[in-house]
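*Asks:* Next comes the sequence, and after it the predicted model I'd like to discuss.
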Amino acid sequence: MAVLALLTTDSSLDRTRLTKMALVHDLAESIAGDITPHSGVSKDEKYKLERDGMEELVSLLGATPEALEIKALWEEYEAAATPEALYCKDLDKFEMIVQAVEYEKR
C-alpha cells in the first residue's frame, strides 16, 4: 500500500501524508489481531480493540512527536475524514482484492 501511495499522481493529495498513513494504518492489528467481518466481533468492539492496541503502541514508543504522529495518522485513517484517508482506504480495499485474486490463482 505504501508503494501504491508513493506512486499516486493525484496532485490534490498530500502524497507524503498518504504514504505515512498507508504505513501505519494496520499497526494496531499487531496488538489487536486481524479482525475480519467473519470474526463475530462488532464494528464498535473492533474499533475499541484496535484503538486500545494503538494506545499500547504509542505508550511503548513514549509521548514522542513521532509516536503522536503515528497515532494521529491512524485516527485520521479511521475517521475517513480527509481525502488522503479515503484514498488510503481505497488502496486497502484494492490490495485486499489483488491478494484474493492471487489466492484464487493458487
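*Replies:* Looks like it arrived, so ask away.
*Asks:* which residue is nearest the centroid of the chain?
*Replies:* residue 25 (1.7 Å; CA atoms, centre = their mean).
*Asks:* That one reaches residue 1, doesn't it?
*Replies:* Yes: with contact defined as CB atoms under 8 Å, residue 25 reaches residue 1; the gap is 7.4 Å. C-beta coordinates here come from the backbone N, C-alpha and C atoms, glycine included.
*Asks:* what do those two both touch?
*Replies:* In terms of CB atoms under 8 Å, 6 or more residues apart in numbering, residue 25 and residue 1 are both contacted by the residues 88, 92.
*Asks:* which residues of the chain fall in helices?
*Replies:* Here the chain has its helices, by DSSP state H, at 2-7, 15-24, 29-32, 43-61, 65-79, 83-105.
*Asks:* In terms of secondary structure, what does the fourth one contact?
*Replies:* In this structure, helix 43-61 makes packing contacts with helix 29-32, helix 65-79, judged by 3 or more CB pairs under 8 Å, 6 or more residues apart in numbering; DSSP states H and E.
*Asks:* What is the last one packed up against?
*Replies:* Contacts of helix 65-79 with other secondary structure elements, assessed using 3+ CB pairs under 8 Å, 6+ apart, are made with helix 15-24, helix 43-61, helix 83-105.
*Asks:* Name the helix or strand of this protein that has the lowest mean pLDDT.
*Replies:* Every helix and strand of the chain was ranked by mean pLDDT, DSSP states H and E. The lowest is helix 29-32, at a mean of 86.
*Asks:* about what we covered before: state the pLDDT value of the closest residue to the residue nearest to the centre of the chain other than its chain neighbours.
*Replies:* Nearest non-adjacent residue to residue 25, counting by CB to CB, 6 or more residues apart in numbering: residue 77, 4.7 Å away. Looking at residue 77, its pLDDT stands at 96.
*Asks:* Please apply the same query to residue 85.
*Replies:* In this prediction residue 85 is given a pLDDT of 98.
*Asks:* residues in contact with it?
*Replies:* 21, 76, 77, 79.
*Asks:* same thing with residue 2?
*Replies:* Counted by CB under 8 Å, 6+ apart, residue 2 has contacts 19, 22, 23.
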